[in-house]
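>>> Sharing a sequence plus its predicted fold:
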Amino acid sequence: MPEPILVADRFTYSYPDAAHPALADVSLELDAGSFTLVAGESGCGKSTLLRAACGLVPHFHGGEASGEFAVGGMAVREHGPGDLAEVCGTLFQDPESQVVMGGVRAEIALGLEHRGESPAAVARAVEEAALALGIGHLLGRRADTLSGGELQRVALAAALAHRPRLLLLDEPTSQLDPVAGDELIWLLRRLNEEWGTTVLLTEHRLERCLPAADRVLALDRGRLVCDAPPLDFLAWAADAKPPLATPAARLFSLAGLRPLPGSVKQAKASLAQAGIELESEEPPVQAKRKRGIPALELRGVWHEIEDGPAILRGVDVHVEPGELVALMGRNGAGKSTLLKHAKGLLQPTRGRVRTSGEVALLLQNPGDYLIHEHAREEAGESALISAGLSGRAEADPRDLSGGERQRLALEVVLSADVRPAVVCLDEPTRGMDRSRKEALALRLHELAQEGAAVIVATHDPEFAAQVADRVLLMGEGELIADGATAEVLAGGWYFATEVARVLGGAGGALTPEQGAALLARELVS
Amino acid sequence: MSLVPVYQRRASALHAARAGASATFCLSLAFAPILFDNPIVLGALLCAIVAAAVGAGVARDLRRWAVYAAGLALLVVIINPLVTSDGLTVLWRGGSFLGRRWDITLEAVVAGAVAALRVLDVVLAFALMSVTVDPDEMLRALRRISYRSALAAALTTRLVPVLARDASRKSEAARCRPRPPGRTAVARSAVAGSLERAVELAAALEVRGYSRARRPQVARQPWSRHDLRVLASALSIIVLAITARLAGIGDFQAYPTTQVSAGTAELLLGLAFVALAYAPFVGLGGRLGVARA
């Protein structure tokens, strides 16, 4: 039996001045060469577990630690991040905050130079890491010219260049679109299989990485509550923690089918085995409605950069009061630019934007809206109540959790004296767990019922299916699809929900509930 | 487009040369104006810097730097006549105040303009360096002397555009609030945000072995034609400047009356500076292998 690369024995850790421990009595062993996924709701201790494994906890963050936690035979309470860097490569959520050097080549080389490697060894390792991650063509580029996906790959190459035995990744796909996110996960699987690198990964969208994992650890309020292979984890989650189950697993669970599938492929095979054959019929195309008075109208809008590309290319959009619209498309498709035009932050170089009233816009980083020292100064009392923060009026907004910041920022932009006619949100679900997404979906439905046109730019098809009744799909600055949610998301591949992929788009079912109802009808007939 | 032009790899001889050679070239263009206060020579050196920028394809970046530098130069032009009353040609009598006379003289105005020209030369030579010399390569060399200082400088060059983007995002978010906050509140928040980013970067550096960092070893790389041409040009500018100064070419006297040497020697010296600054880019040799594959 090979030595485990990570051993924790009753490890407990509290951040300075924290009322509760972030990790409590955690005991586990990670085998070398394994691919382990850490699951749990926001604030459950996933990131802290990774920060303990790379030595930032307790050396960088301070606080109190007890019990044992060793990585590569080094106890983290005695060895700091510098020592553990010999064994670990670490990748955080935001690549902007971890890329140190200006150029890609220098960035990948930095860790190796810290170790005193010879120039020849550095050059070779940089070349190999870049080729392994498919970024050889980026070696001569500057970091500030890269897209989010490219920058994340560069950061991964920098973490891998010295061939660490253990790779720690904290929600590495949260800033990426579905295409870049899937590519990154399969890249990790390849590294795990070909290089034998042990992977410890935290992620909210489990359906994305579960097929690649050998094992899942679930944390709840700092405690390890499940440690099992993926299929056993899903069986546990379906009963004990439904928000952690993947959409396909929830579909099977609701339909009373067993075993729960770990991937789309498994789900399809199980359905075929159960003799369920669904016609992948086209979802019913809704008849074109007569257009009413728009809350927001863009007519032939172009946004062209001087000496640069055209970000929007003749976009026509018509959104009516009370409509809930999901705006989808890969990174750089023009979604954020379109929302900024709706708000009036940008002016079209050609075309026209018209609104029937105020536009509220919540941009990608809710923290940018919070500029005061107390939450109560950001918005009024009623806004704090709407955000569910009435007990935290005196808190510094920077101390709020990601979800709390997001709720507060949304209430800040909604706090005008006049009710907004249009509410736009740019990627509001990044790094959010399912419970929080459901709460946000509820709030957006409330706003739509009050008569606002709600437009949500998102990469998350599950959220789009849950919240929107219409989807606009953008590509290269153009509107490439505009239809009912079932129409657009049931027939797609990347821009499709997991349930739609399992059921092949049958009946336009997108959510586990819709899919389960369809399966129930199929089982009865 | 970033507010302050930063290094971007371009297909030019100056970008293709090793950082040491390119930096020496730019520093030679900053060194020469320090030796001279003759406006003809200083003007020629300004032309030399512009010629090098055109050759390197960064004239546009330099123009943006020139806007910042012009403000500074204007300040020098205004301040010098106010603090110096030397010179015989009085343009305006300001009377006595605080125990001294406040006369504005033509000589002081001219001396201020010459000093401003020199400031413009030096700032633009450093601006040329900032947009043509790879900071990572430069700092790798400096890390052998002072690791922490060089890394701090590397972080600064990397973070300036990141923090500028952060600040611009915050300003956009402020415009989205129903009651937009004042600039001070946004600026304070941007500073707090930059501190948060600094903490995250510190964590990222820690996990990459910063605390156990050793001095990097010297990398040997073959000398390219561009290394040699750029370095030769830089050394020629330095040697020519020193020789000309020792020979008394390019004299200038501001007070009591302005006297400028404006003979053939000064004109030839100026032309030589321009020619040497443009030399690395001339001919086929200046274009071979300049792009990165």
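The structure has been received and is ready for your questions.

>>> Now name the helix or strand holding the residue in the stretch 151-300 of chain A positioned nearest to chain B.
Going by CB to the nearest CB, chain B is nearest to A:Ala158 of the stretch 151-300 of chain A, at 7.2 Å. C-betas here are computed from N, CA, C, even on glycine. Per DSSP states H and E, A:Ala158 falls inside helix A:148-160.

>>> Count the residues that sit near residue 160.
Picked chain A for this. 23 (other CB atoms under 10 Å in any protein chain shown).

>>> Chain B was what I was after
Look at B:Val160: counted by other CB under 10 Å, it has 16 neighbours.

>>> tell me which element it falls in.
helix B:147-176.

>>> Is that helix in proximity to chain A?
Yes - under the criterion of CB under 8 Å from any CB of the partner chain, chain A is reached by helix B:147-176 at B:151, B:154-155, B:157-158, B:161-162, B:169-170, B:172-176.

>>> Show me just the buried residues among the residues you listed.
Buried subset of those (neighbour count, 16 or more other CB atoms under 10 Å in any protein chain shown): B:151, B:154-155, B:157-158, B:161-162, B:169-170, B:172-174, B:176.

>>> In contact with the residue of the stretch 151-300 of chain A closest to chain B, which residues?
A:99, A:107-108, A:110-111, A:129, B:208 (CB atoms under 8 Å, 6 or more residues apart in numbering or on different chains).

>>> run the last query once more with 6 Å
By CB atoms under 6 Å, 6 or more residues apart in numbering or on different chains, the contact set of A:Ala158 is A:107-108.

>>> got any ranges where the chain has weak pLDDT?
Here I'm looking at chain A. Per-residue confidence for chain A (pLDDT under 70) gives these ranges: A:1-2, A:280-290, A:525.

>>> was after chain B, sorry
B:1-4, B:293.

>>> Where do the domain boundaries of it fall?
B:13-135+B:225-286, B:145-212 (automatic domain parsing).

>>> does any part of the first one sit near chain A?
Yes - judged by CB under 6 Å from any CB of the partner chain, domain B:13-135+B:225-286 comes into contact with chain A through B:Pro135.

>>> That domain: end-to-end distance?
End-to-end distance of domain B:13-135+B:225-286 (CA to CA, to the nearest Å): 6 Å.

>>> ditto for the last one
The stretch domain B:145-212 measures 17 Å between its terminal residues, going by CA to CA.

>>> count of neighbours near residue 239?
Looking at chain A here, since you left the chain open. 9.

>>> switch to chain B, that's the one I care about
Neighbours of B:Val239 (other CB under 10 Å): 12.

>>> what residues does the strand or helix carrying it touch?
B:Val239 belongs to helix B:225-246 when assigned by DSSP H and E. By CB under 6 Å, 6+ apart, the residues outside helix B:225-246 that reach it are B:13, B:16-18, B:21-22, B:24-25, B:28, B:32, B:35, B:269, B:272, B:276, B:279-280, B:285.

>>> Give me the most central residue, chain B.
Nearest to the geometric centre of chain B sits B:Phe126, at 1.9 Å (CA atoms, centre = their mean).

>>> what residues are up against the residue positioned nearest the centre of chain A?
Geometric centre of chain A, nearest residue: A:Ser174, 3.2 Å, by CA atoms, centre = their mean. Contacts for A:Ser174 were tallied using CB under 6 Å, 6+ apart; they are A:93, A:430-431.

>>> What sits closest to it if chain neighbours are left out?
A:Gly431 (4.6 Å; CB to CB, 6 or more residues apart in numbering or on different chains).

>>> What's the local residue count around that neighbour?
19.

>>> Quickly note the distance from it to A:Ala333.
According to CB to CB, to the nearest Å, A:Gly431 stands 21 Å off from A:Ala333.

>>> export the contacts of A:Ser174 to JSON lines and tack on secondary structure?
Below are the contacts of A:Ser174 laid out as JSON lines (DSSP: H, G, I helix; E, B strand; the rest coil):
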{"residue": "A:Gln93", "secondary structure": "coil"}
{"residue": "A:Arg430", "secondary structure": "coil"}
{"residue": "A:Gly431", "secondary structure": "coil"}
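
>>> okay if I get those residues as TSV plus distance to A:Gly72?
Shown next, in TSV, are these (distance: CB to CB, whole Å):
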residue	distance to A:Gly72
A:Gln93	24
A:Arg430	32
A:Gly431	29
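
>>> Count the neighbours of residue 98 for me.
By default, I'm working from chain A. 24.

>>> ah, no, chain B please
Applying other CB under 10 Å, we find 5 residues neighbouring B:Leu98.

>>> can you pull the buried residues of stretch A:112-122?
Buried, per 16+ other CB under 10 Å, within stretch A:112-122: A:112-115, A:117, A:119, A:122.

>>> Which of the residues you listed fall within helices?
In this view, the buried residues of stretch A:112-122 that belong to helices under DSSP state H are A:112-114, A:119, A:122.

>>> separation between B:Gly289 and chain A?
Look at B:Gly289 and chain A: by CB to the nearest CB, to the nearest Å, they are 13 Å apart.

>>> Distance-wise, check that residue relative to A:His459.
To A:His459, B:Gly289 is 42 Å away according to CB to CB.

>>> So those two - more neighbours on which side?
Just comparing B:Gly289 and A:His459: by other CB under 10 Å the higher neighbour count belongs to A:His459, 26 against 13.

>>> Might one say that that one is in contact with A:Asp177?
Yes - under the criterion of CB atoms under 6 Å, A:His459 makes contact with A:Asp177 at 4.8 Å.

>>> Quick check: closest non-adjacent residue to A:Val216.
A:Phe233 (3.9 Å).

>>> Ramachandran coordinates for the one you found?
Dihedral pair for A:Phe233: phi -60, psi -40, per degrees, to the nearest 10.

>>> correct me, but it touches A:Leu217?
No - applying CB under 6 Å as the test, A:Phe233 and A:Leu217 come out as separate, 8.6 Å apart.

>>> Between the two, which is the more surrounded one?
A:Phe233 (28 against 23).

>>> where's the more buried one relative to A:Phe60, distance?
From A:Phe233 to A:Phe60 the distance is 30 Å (CB to CB).

>>> from the stretch 1-150 of chain B, which residue is nearest to chain A?
Residue nearest to chain A within the stretch 1-150 of chain B: B:Asp136 (3.5 Å; CB to the nearest CB).

>>> Put the alpha carbons of whichever helix or strand that residue is part of into CSV.
Using DSSP H and E, B:Asp136 maps to helix B:135-143. Extracted C-alpha coordinates of helix B:135-143, given in CSV (Å, rounded to 0.1, in the frame of the first residue of the first chain):
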residue,chain,number,x,y,z
PRO,B,135,9.9,43.8,-17.0
ASP,B,136,9.9,40.1,-16.1
GLU,B,137,13.3,39.7,-17.8
MET,B,138,14.7,42.8,-16.3
LEU,B,139,13.5,41.9,-12.8
ARG,B,140,14.9,38.4,-13.1
ALA,B,141,18.3,39.9,-13.5
LEU,B,142,17.7,42.3,-10.6
ARG,B,143,16.5,39.5,-8.4
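
>>> Please enumerate the strands of the stretch 1-150 of chain A.
Along the stretch 1-150 of chain A, the segments classed as strands by DSSP state E, counting those that start in this stretch run A:6-14, A:23-30, A:35-39, A:64-71, A:74-75, A:88-91.

>>> Isn't A:His372 up against A:Glu394?
No - in this structure, A:His372 is not within contact of A:Glu394 by CB under 6 Å, at 11.5 Å.

>>> which residue lies farthest from the center of chain B?
Chain B, farthest from centre, CA atoms, centre = their mean: B:Pro178 at 42.3 Å.

>>> Roughly how far does that one sit from A:Ser415?
Distance, B:Pro178 to A:Ser415, using CB to CB: 6 Å.
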